[in-house]
Structures are given as structure tokens and as C-alpha cells.
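Participant: Predicted model and sequence follow; I will ask about them next.
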Amino acid sequence: DGGITQSPKYLFRKEGQNVTLSCEQNLNHDAMYWYRQDPGQGLRLIYYSQIVNDFQKGDIAEGYSVSREKKESFPLTVTSAQKNPTAFYLCASSISTGEYQPQHFGDGTRLSIL
Amino acid sequence: AQSVTQLGSHVSVSEGALVLLRCNYSSSVPPYLFWYVQYPNQGLQLLLKYTSAATLVKGINGFEAEFKKSETSFHLTKPSAHMSDAAEYFCAVSDRGNTGKLIFGQGTTLQVKP
């Protein structure tokens, strides 16, 4: 079955440590997105990529970095500069960046601070 | 700028009762609108989308939504609630400019009482 796989499901970060969240899709979608979800705040866009080897900052990119070297993969690194990283992180993809295209979501990674 | 407001962070209904989740949007141009559902510790699943083809949109699991331009609303309804409908629901509007970005509301948690 086609879909989006996020790993790990749970992740713990120590102070000063960078951690990388994996997102892989086999839907052959061009566009991919990373969101952060905090209770009562909905989803906020961190980074998005419209095509391989290209990505743009979203609304809350500070303290995060991404790469898009392959169409199916869009890993997110939470750096030590992100002072409040505890959240639920969701990866999504869509066929293209057309405004009418829905996004398909993975099951998320929950990041906590040790 | 596009925005979405979901009225009521928590809604409680009895099993078998009507479900009504409210969403109002702000957009200077005809919007593309989406409703997603999220079960605990999972990603978001698309319920339905409005892309201007019809004002009454039918989705999965018996849900539907009506686009009302005069009221700038896109409320989600289901005639008879089931226990399995208990989840968090998000309304979203597509950002303009073919970035594919979605702007989400804060979410509404639906509780279904037996």
C-alpha cells in the first residue's frame, strides 16, 4: 500500500543534541511538508519542498533544517537551537502544489526532551 | 491573508445526535477548503474537500460540509454521531500562490457520549 512512513514514532532528545526525524513516501508525490503540532494550536508549517533539491521555510523554521535529495525522502533535523522542541511532528505530501490538492499525512513522531 | 477559525475547541454530543462542527474562513478569493480528522497519536486523514464544483460536499464516514459564501462558512455535519467519531477535527484553507501550503484552524475535539 502506498503511504507515508515516519520514524521513529517516539524520540527523546538530550540538551544540546541534534535529532533527525525520518519521512519517506511511496506515493510518487512531488511536494512534501513538515508540520509541528502543539495542543490547542493546530498545525504550524515548518518547511516544505515543492520538488527535489528545493525547499522553503514555513512559518516556524527557526531551529530546524531539512534536505530533499530524493523525491521520496524529506528528513527533518531538530537542532539544539530549537529551545522548545517537545511536540508532535507530522510529515505530509501532495501530488503537486496545486491549491486544490489535498495533503496526505504520516502517523507522526512525538519528540520529548530528556 | 487566508485564515480559518473553528468555533468551539470542544464539542460534546450524544450517540445518535447531530454533529455540527463550525469553520469560518477569511479569503479574498474563492477558497479551497478541507476537513481532516485526527485520532489519538495518529496523522490526519482527509474527510472531504471543497474545490468549487458543488457547494454541498460529501465525504467519508457519513460526513458532509456545505460551503456558504455569504457566511464565509464551511461547517461539517453528520446526521447521527457514532462512538467511533470521537476525534479531533481540523478545518484548513489552501494558501494562494500554488505553494501547496495549508492553513489550519485550531481544531475541535469531538466527544461522543453513550
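Facilitator: Received the coordinates, thanks.
Participant: Write out the residues of chain B neighbouring chain A.
Facilitator: B:9, B:32, B:34, B:36, B:41-46, B:49, B:51, B:90, B:94-96, B:98-102, B:104-107 (CB under 8 Å from any CB of the partner chain). Placement of C-beta: from N, CA and C, glycine included.
Participant: any idea which residue of chain B is furthest from its center?
Facilitator: Most distant from the centre of chain B: B:P114, at 23.1 Å, with distances by CA atoms, centre = their mean.
Participant: That residue is in contact with B:E15, isn't it?
Facilitator: Yes - assessed by CB atoms under 8 Å, B:P114 is found in contact with B:E15 at 5.6 Å.
Participant: any chance you could map the strands in chain B?
Facilitator: Using DSSP state E, the strands of chain B run over B:3-7, B:10-14, B:19-26, B:33-38, B:44-50, B:56-58, B:64-68, B:73-78, B:87-94, B:102-104, B:108-113.
Participant: Near chain B, which residues of chain A are found?
Facilitator: Neighbours of chain B within chain A, by CB under 8 Å from any CB: A:4, A:6, A:31, A:33, A:40-45, A:48, A:50, A:56, A:58, A:90, A:92, A:94, A:96-108, A:110.
Participant: Mind doing that once more with 7 Å?
Facilitator: Contact residues, chain A versus chain B (CB under 7 Å from any CB of the partner chain): A:31, A:40-43, A:45, A:48, A:50, A:90, A:94, A:97-103, A:105-108.
Participant: Excluding chain neighbours, what is closest to the spatially most central residue of chain A?
Facilitator: The centroid of chain A falls nearest to A:W34 when counting by CA atoms, centre = their mean (2.8 Å). For A:W34, ignoring the flanking residues on the chain, the nearest one in space by CB to CB, 6 or more residues apart in numbering or on different chains is A:I46 at 4.3 Å.
Participant: tell me which element the one you found falls in.
Facilitator: In this structure, A:I46 sits in strand A:43-51 according to DSSP states H and E.
Participant: then that strand to PDB, C-alphas only?
Facilitator: What follows is strand A:43-51 as a C-alpha-only set of coordinates in PDB (Å, rounded to 0.1, in the frame of the first residue of the first chain):
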ATOM      1  CA  LEU A  43      -0.700  22.600  12.900                       C
ATOM      2  CA  ARG A  44       2.100  25.000  12.000                       C
ATOM      3  CA  LEU A  45       4.200  24.700   8.900                       C
ATOM      4  CA  ILE A  46       8.000  24.300   9.500                       C
ATOM      5  CA  TYR A  47       9.400  23.600   6.000                       C
ATOM      6  CA  TYR A  48       8.000  22.500   2.600                       C
ATOM      7  CA  SER A  49       9.500  21.200  -0.600                       C
ATOM      8  CA  GLN A  50       7.900  21.600  -4.000                       C
ATOM      9  CA  ILE A  51      10.400  19.500  -5.800                       C
END
